[in-house]
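Engineer: pasting a predicted model and its sequence here:
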Amino acid sequence: MVDLIKGKTALVTGGSSRLGKVICNYLAREGVNVVIHYNSSREEALRVKEEITSLGVKSWVIKADLSKPNEVDELINESFKQAGEVNFLINNASVFPRVGLSDLSINGLNWIMQVNAWAPLMLTLRFANMVNEGKVINVLDSVVDGYNFERYAYYLSKVMLNAVTRSLALRLAPRIMVNAVAPGIILPAKDEDTGRVEAMINQVPLRRRGSPDDIAHAVLFLLENSYVTGQVIYVDGGEHLKPRVVY
């Protein structure tokens, strides 16, 4: 089988921690060079770089605040400048504040939308302008098939990113393949109540929590496949199959 990803380079936003860190490690194990984006977690990003360069690949660390349009542009420019070329874009960075429907403000919504949806959109368009062909993977949330009024701004941002995934898969074809992974209960937010998380797990058809490894495997599948675009892989134990409303 032809190896489609070994020796290639990926830019992973939010690659210094949580899902991003695991994705970076899995890519490195498959021989993919990695540009690790971070905003405030420089020490963590440097540790990830050390881990993955020990696996024999190249790695770079770049800071950017995705809520600032000029830094979004600079992230792409600097990634190509340092790495020489970038073949894959993994839009993983996300903010997850508890901003409910009753707490919604235009400023708060704008900030969350900027980081979670607008930045991935702009990064994808800039990436597409700089490569002959490539692959983009957006990290969504299985909540896009339901509702979350407790984190309503976050929910809206992921719904928008879902639309971006499908529309750009069509618009950028055949040069660029755009897909998404939608995690379920993998790494709950730090401010999430433990008892509530356990109750949610009991409602998942597979009756267990997934792991970051499950997300990384899905990302690798999409990068290695040459005939899939515009798809969302739900890695949520079947959670999206049931009506989901969080108040």
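Structural biologist: Noted; the coordinates are in hand. Being a predicted model, the structure only gives us computed values, none of them experimental. Numbering: from 1, shown residues only.
Engineer: remind me, longest strand of this protein?
Structural biologist: Longest strand in the chain by number of residues (criterion: DSSP state E): strand 176-183.
Engineer: could you give the average pLDDT over that strand?
Structural biologist: Averaging pLDDT along strand 176-183 gives 98.
Engineer: ok, and what's touching that strand?
Structural biologist: 19, 124, 127-128, 131, 133-142, 144-145, 161-162, 165, 168-169, 172, 210, 215, 218-219, 222, 228-236, 240 (CB atoms under 8 Å, 6 or more residues apart in numbering). C-beta: built from backbone N, CA, C; applies to glycine.
Engineer: cool, stretch 95-109 as well?
Structural biologist: 111-112, 115-116, 149-154, 156, 189, 191.
Engineer: ends of it, how far apart?
Structural biologist: 11 Å (CA to CA, to the nearest Å).
Engineer: next structured bit after the strand or helix carrying Met200?
Structural biologist: Following DSSP states H and E, one finds Met200 within helix 194-202. Using DSSP H and E, the helix or strand that follows helix 194-202 in sequence is helix 212-224.
Engineer: list the buried residues of that next one.
Structural biologist: Pro212, Asp214, Ile215, Ala216, Ala218, Val219, Leu220, Leu222, Leu223, Glu224 (16 or more other CB atoms under 10 Å).
Engineer: one more: stretch 134-148?
Structural biologist: 134-145, 147-148.
Engineer: can you tell me which of the residues you listed are in helices?
Structural biologist: Secondary structure defined by DSSP state H assigns none of the buried residues of stretch 134-148 to helices.
Engineer: pLDDT and distance to Asn179 for those residues - can I get that in a markdown table?
Structural biologist: Below are the buried residues of stretch 134-148 laid out as a markdown table (pLDDT from 0 to 100; distance: CB to CB, whole Å):
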| residue | pLDDT | distance to Asn179 |
| --- | --- | --- |
| Gly134 | 98 | 12 |
| Lys135 | 98 | 8 |
| Val136 | 98 | 7 |
| Ile137 | 98 | 6 |
| Asn138 | 98 | 8 |
| Val139 | 98 | 11 |
| Leu140 | 98 | 10 |
| Asp141 | 95 | 15 |
| Ser142 | 94 | 15 |
| Val143 | 91 | 18 |
| Val144 | 93 | 14 |
| Asp145 | 90 | 16 |
| Tyr147 | 91 | 24 |
| Asn148 | 91 | 23 |
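Engineer: closest one to Ile5 out of these, please.
Structural biologist: Of all these, Ile5 sits closest to Lys135, with 9.0 Å by CB to CB.
Engineer: distance from the chain centre to stretch 64-84, please.
Structural biologist: 16 Å (CA atoms, centre = their mean, to the nearest Å).
Engineer: neighbouring contacts of that stretch?
Structural biologist: Residues contacting stretch 64-84 (CB under 8 Å, 6+ apart): 9, 11, 13, 33, 35, 37, 39, 58, 60, 62, 86, 93, 111, 114-115, 119, 122-123, 126-127, 130.
Engineer: let me see the mean pLDDT of that stretch.
Structural biologist: 97.
Engineer: could you do stretch 216-234 as well?
Structural biologist: Stretch 216-234 comes out at a mean pLDDT of 97.
Engineer: so who does Ile52 touch?
Structural biologist: So Ile52 contacts Cys24, Asn25, Leu27, Ala28, Val34, Ser59 (CB under 8 Å, 6+ apart).
Engineer: which residues are in contact with the residue nearest the centre of the chain?
Structural biologist: Note on the chain: the residue nearest the mean C-alpha position is Asn92, at 2.1 Å, using CA atoms, centre = their mean. Contacts for Asn92 (CB under 8 Å, 6+ apart) come out as Val12, Thr13, Gly14, Gly15, Leu19, Gly20, Ile23, Val139.
Engineer: that one and Leu125: what is the separation?
Structural biologist: 18 Å (CB to CB, to the nearest Å).
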